[in-house]
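K.L.:
Just need the structure, nothing else, for what follows:
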Amino acid sequence: MEPEKTRKRRLLDFIRTWFNAHDLFGILSEDRYKSLKLRIILLDAVLSMIPLLIVVTISYFWFLQILKDDFRNQMKWEIENSKQSIEFFVDQKLSGLRFLTSAYSYEQLSDQETLAGIFSKFKQECGGLVDLGIITPDGIQRSYVGPYNLKGKDYTNQDWFHEVIVRSVYVSDVFMGYRKLPHFAIAVKKENPGKGTFWILRATIDMETLKKYPYSMNLRENDDAFIITYDGTLQTPSRSHGNVLEKYKLPFSLHAQATTIQNIIKPDGSPAIFGYAFIDDSPWILVTIIKSNPYLKIPKIFKNELFIITVLSIIFSIAVTFVLAQTVVNRIKKADRAREEAMANCEHASKMSTIGRLAAGVAHEINNPLAIINEKAGLMKDILETSGDLQKNRDKFISQINGIFDGVNRCRTITHRLLGFSRRMDISHDAFDFNDALKEVIGFIEKEILYRNITLNLNLTDSIPKIESDKGQLQQVILNIINNAIDAVEEGGLIEVSSGSKDINTVRVSIKDNGSGIPKDELKHIFEPFYSTKEKGKGTGLGLSISYGIMQKLGGSIHVDSEAGKGTTFTLEIPKKIGEG
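P.N.:
Have a look, this model is predicted:
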């Protein structure tokens, strides 16, 4: 399974991709939280399920291979067990014949009655014998006991007769012989010491005795086991490949002396397992062909159990993942709300910082109307003190009073601007003239621009209709950018402010300066919170990040184009109505 640390790291990486890098103020909607939770569950489920499925698959095939190996070993054991039984049977018969040739002389065994008595006892002890005979060196059966009339038969033309002369012991393959029934013979040669002659004791065994050994194996209905000779002649009947003495076409050459198990493809295209073993001291090969797939029944049971375990593991993993996702999303939601509140505080602090910067200009703006008010009020006092006829100076009084009203209104306008700018409020939908709002912003900083001898060019398109947006927040964005332009240019620099329509639904304003510009490698960071290209102590690094967030909330966008040493251009694209951009 994947390490827990790696899973957590991947989970965090996944979560980060679901946040817009520049969505600095917006909190995720409930639908997006649900989508995030669902995707976390799916991702963690996939990361959990892949190792689980790999382990399950490997376990299944490993278990299947164990079953195959176990079945092959079982099959090999049965072949070897049957092989040893046949070898024991043949060796028992040969040992019996050797004993008879050692215990009895040629003359004794040549006596018909003696041979008959010995045959009866031998058959009773060993079983499986059909007959017993004594053969002279010239191939004539001198004495015979059995169900057939074979006494006096000449075997000089039989292959087995020549084999036994050479090898002293012989086990034949199954043949028809004189009796026209399938059987096989075993023979032992006995030398006559001092005479230079020999004689042969021969016994035949019926094929039924040999047939019982392959059939004793634990075979299924479609399986087969039989004995063949080296050239493929069947020595016992086969269920699928013919009867005794018919030819069986071997699927490959049999060379290995040890018990061998191999997979083969039958002529009909079906797979099978082929096993064989050479039977020692005989011309036989024991063959087993397994057509069934007995080891597939157990895997079906194992597969069902494995399936149940896998399903339960998946359910458990998904349940744990669901709890984990719920916890993570709740923490993200909580952190997101805290972030929104913190950024709102930062936004308000930035506003207040800007207001502090504007204090000098505002004070100057207010002092002028206050001086007028003071002058008008003083003049009215002088008139009252020097003249007793108020009706005569009525027009002068009205003129002075109107001047006082004008001064008060100017102060009220300035203070309302400041208060409206500094208030923390939600997005409002105000219908206003965009150029007028732009001019109001210029009015805040006009004195500083004049003081630093900066040239300000206004290129405003008069055809822009009224727009419906948040006037205060939009003015804050424009003011932040113009303040940055003022900080960027040298004394006597140039700032150009242009307005116009991008399309039928969008207003565009650009603020261009010929200041120091921004290096390309820093452009991608300028909208990040607390990132600033200014000298230490100048600015908080929040102005542009707040401006970006405001434009996102208003449905607009903000773009920057800059070149170090040549200046910077900020372009704002504002929908004429929130939600239409």
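K.L.:
Tell me the gap between stretch 238-249 and the middle of its chain.
P.N.:
The chain centre lies 53 Å from the centre of stretch 238-249; the measure is CA atoms, centre = their mean, to the nearest Å.
K.L.:
Export only the CA atoms of that stretch, formatted as CSV.
P.N.:
Presented in CSV, the C-alpha positions along stretch 238-249 are these (Å, rounded to 0.1, in the frame of the first residue of the first chain):
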residue,chain,number,x,y,z
SER,A,238,-7.7,-45.8,-23.6
ARG,A,239,-10.9,-43.8,-23.1
SER,A,240,-10.2,-41.4,-26.0
HIS,A,241,-7.3,-42.8,-28.0
GLY,A,242,-8.1,-46.3,-29.1
ASN,A,243,-7.9,-49.9,-27.9
VAL,A,244,-5.1,-52.3,-27.2
LEU,A,245,-2.4,-52.6,-30.0
GLU,A,246,-3.7,-49.5,-31.7
LYS,A,247,-1.3,-46.6,-32.3
TYR,A,248,-1.4,-43.4,-30.2
LYS,A,249,0.2,-40.4,-31.8
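K.L.:
Buried residues in that stretch, which are they?
P.N.:
Within stretch 238-249, the residues that count as buried by 16 or more other CB atoms under 10 Å are 238, 241, 244-245, 248. Heads up, the C-betas are built off the backbone N, CA and C, glycines and all.
K.L.:
Which positions in stretch 497-509 come out as buried?
P.N.:
Here stretch 497-509 shows 497-499, 506-509 as buried, counting by 16+ other CB under 10 Å.
K.L.:
oh sorry, the question was meant for stretch 257-272
P.N.:
Those would be 259, 261, 272, for stretch 257-272 by 16+ other CB under 10 Å.
K.L.:
mind checking how far the second one is from residue 291?
P.N.:
The one in question is residue 261. Residue 261 is 14 Å from residue 291, where distance means CB to CB, to the nearest Å.
K.L.:
One more: residue 113?
P.N.:
Residue 113 is 53 Å from residue 291, by CB to CB.
K.L.:
more crowded one of the two?
P.N.:
Neighbour comparison, residue 113 and residue 291: the larger count goes to residue 291, with 16 against 8 (by other CB atoms under 10 Å).
K.L.:
which residues in the stretch 101-250 of the chain form strands?
P.N.:
Counting by DSSP state E, counting those that start in this stretch, the stretch 101-250 of the chain has strands at residues 129-135, 141-145, 169-171, 183-192, 197-206, 224-229.
K.L.:
I'd like to know which elements the shortest one is packed against.
P.N.:
Using 3 or more CB pairs under 8 Å, 6 or more residues apart in numbering; DSSP states H and E as the contact criterion, the neighbours of strand 169-171 among helices and strands are helix 30-103, helix 159-167, strand 183-192.
K.L.:
Show me which of the buried residues of stretch 238-249 is closest to residue 266.
P.N.:
residue 241 (10.4 Å; CB to CB).
K.L.:
Can you verify my assumption that that closest one contacts residue 248?
P.N.:
Yes: look at residue 241 against residue 248 with CB atoms under 8 Å: they come within range, at 4.8 Å.
K.L.:
what's the burial count for residue 180?
P.N.:
Residues near residue 180, counting by other CB under 10 Å, number 7.
K.L.:
so where's the chain uncertain?
P.N.:
Residue ranges of the chain with pLDDT under 70: 1-30, 294-302, 344-368, 371, 381-394, 407, 410, 412-428, 529-542, 579-581.
K.L.:
re earlier: mind listing the shared neighbours of residue 241 and residue 248?
P.N.:
Residues touching both residue 241 and residue 248 (CB atoms under 8 Å, 6 or more residues apart in numbering): 226, 234.
K.L.:
on that earlier part again, just send the strands of the stretch 101-250 of the chain back as a markdown table, with distance to residue 277 and mean neighbour count too.
P.N.:
Below are the strands of the stretch 101-250 of the chain laid out as a markdown table (distance: least, CB to CB, whole Å; neighbours: other CB atoms under 10 Å):
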| stretch | distance to residue 277 | mean neighbour count |
| --- | --- | --- |
| strand 129-135 | 26 | 23 |
| strand 141-145 | 34 | 20 |
| strand 169-171 | 16 | 20 |
| strand 183-192 | 18 | 20 |
| strand 197-206 | 20 | 21 |
| strand 224-229 | 10 | 22 |
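K.L.:
Nothing else from me, thank you.
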